[in-house]
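Undergrad: can't give you the sequence, but here's the structure:
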């Protein structure tokens, strides 16, 4: 069975990137949580997809210009549903605590606006994973492949999952394998819509896992599973977990 990866938590049923969304995803059966990591103005590591806090909190401004104390005072849940009012922008440490409680793995998406910024954060995250003894289970992901490569050089053993969109070049097994080998990555994360069974099979035969995202419709989830992808990432942890449940019954 593929790894069940909750994209920003159970983000169809709870405010994305909050502890509520991550906890619900794990309770529904996800085995890995995907989260975007950014720095605050004072260097704290927090979970937020956008650079601006406006879309997913009741505040405004850029997270890298807000100190942690200010960022943590924002409501990160009420915009989604009043039932989630009072949810906060989580810290990375809180996510580690949750993952350890549920024995879950993490896919940490490294966010940054400039290469040097992204590379610095990737190296910092790899170091944190090493110091926490989680290098063998957690994964670093980014669209900045070179930044991931620098993290791998700084912290040998870091597991890398470069993200890939179709418009960045032709999707072929040869292209995916080459991109993974360029930074010694073990995984390629690719948009599900531009994959096919042959590409998945050839890439994985070369020892590179293919993780498909964001598969949210049941037909797409089932197609990715039939093609044998190693991981399926989506916003609906319940739909993904149903796949695992069906597989256990077969």
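TA: Okay, I see it. Just so we're clear, the structure is a prediction, and the values are computed from it rather than from any experiment.

Undergrad: Quickly run through the sheet partners of the longest strand anywhere in the chain, with directions.
TA: In the chain, taking DSSP state E as the definition, the longest strand is strand 32-39. Using DSSP bridges, the strands paired with strand 32-39 are strand 3-7 (parallel), strand 45-47 (antiparallel), strand 105-110 (parallel).

Undergrad: so who does the residue nearest to the spatial centre of the chain touch?
TA: The centre of the chain sits closest to residue 34, judged by CA atoms, centre = their mean, with a distance of 2.8 Å. With contacts defined as CB atoms under 8 Å, 6 or more residues apart in numbering, residue 34 is in contact with 5, 6, 7, 8, 106, 107, 109, 141, 233. Where you see a C-beta, it was placed from the backbone N, CA and C, and this is true even at glycine.

Undergrad: List buried residues within these.
TA: 5, 6, 7, 8, 106, 107, 109, 141, 233 (16 or more other CB atoms under 10 Å).

Undergrad: wait, the third one sits on residue 233?
TA: The reference is to residue 7. Yes: using CB atoms under 8 Å, residue 7 makes contact with residue 233 at a distance of 4.9 Å.

Undergrad: Now do the shared contacts for those two.
TA: With CB under 8 Å, 6+ apart, residue 7 and residue 233 have common neighbours 34, 213, 214.

Undergrad: Need the phi and psi values for the last one.
TA: So the one you mean is residue 214. phi -90, psi 100 (degrees, to the nearest 10).

Undergrad: quick one: it and residue 236 touch, right?
TA: No: assessed by CB under 8 Å, residue 214 is found out of contact with residue 236, at 9.4 Å.

Undergrad: Looking at the two, which one has more neighbours?
TA: The residue with more neighbours, out of residue 214 and residue 236, is residue 236; 22 against 18, by other CB atoms under 10 Å.

Undergrad: Pull the distance from the longest helix belonging to the chain to the chain's centre.
TA: If you go by DSSP state H, the chain has its longest helix at helix 115-131. When distances are taken as CA atoms, centre = their mean, to the nearest Å, helix 115-131 is centred 15 Å away from the chain's centroid.

Undergrad: could you say what helices and strands it packs with?
TA: Contact partners of helix 115-131 among helices and strands, from 3 or more CB pairs under 8 Å, 6 or more residues apart in numbering; DSSP states H and E: strand 32-39, strand 45-47, strand 105-110, strand 139-142, helix 145-154.

Undergrad: and if we set it to 7 Å?
TA: Packed against helix 115-131, as judged by 3 or more CB pairs under 7 Å, 6 or more residues apart in numbering; DSSP states H and E, are the following elements: strand 32-39, strand 105-110, strand 139-142, helix 145-154.

Undergrad: Could I get the buried residue list for it?
TA: 117, 118, 119, 120, 121, 122, 123, 124, 125, 126, 128, 129.

Undergrad: Can you give me the distance of the first one to residue 235?
TA: The reference is to residue 117. 27 Å (CB to CB, to the nearest Å).

Undergrad: The third one too?
TA: When distance is defined by CB to CB, residue 119 is 28 Å away from residue 235.

Undergrad: re earlier: now mean pLDDT and distance to residue 56 too, for the helices and strands packed on helix 115-131, in TSV please.
TA: Converted to TSV, the helices and strands packed on helix 115-131 look like this (pLDDT from 0 to 100; distance: least, CB to CB, whole Å):
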stretch	mean pLDDT	distance to residue 56
strand 32-39	99	11
strand 105-110	99	15
strand 139-142	99	20
helix 145-154	98	24
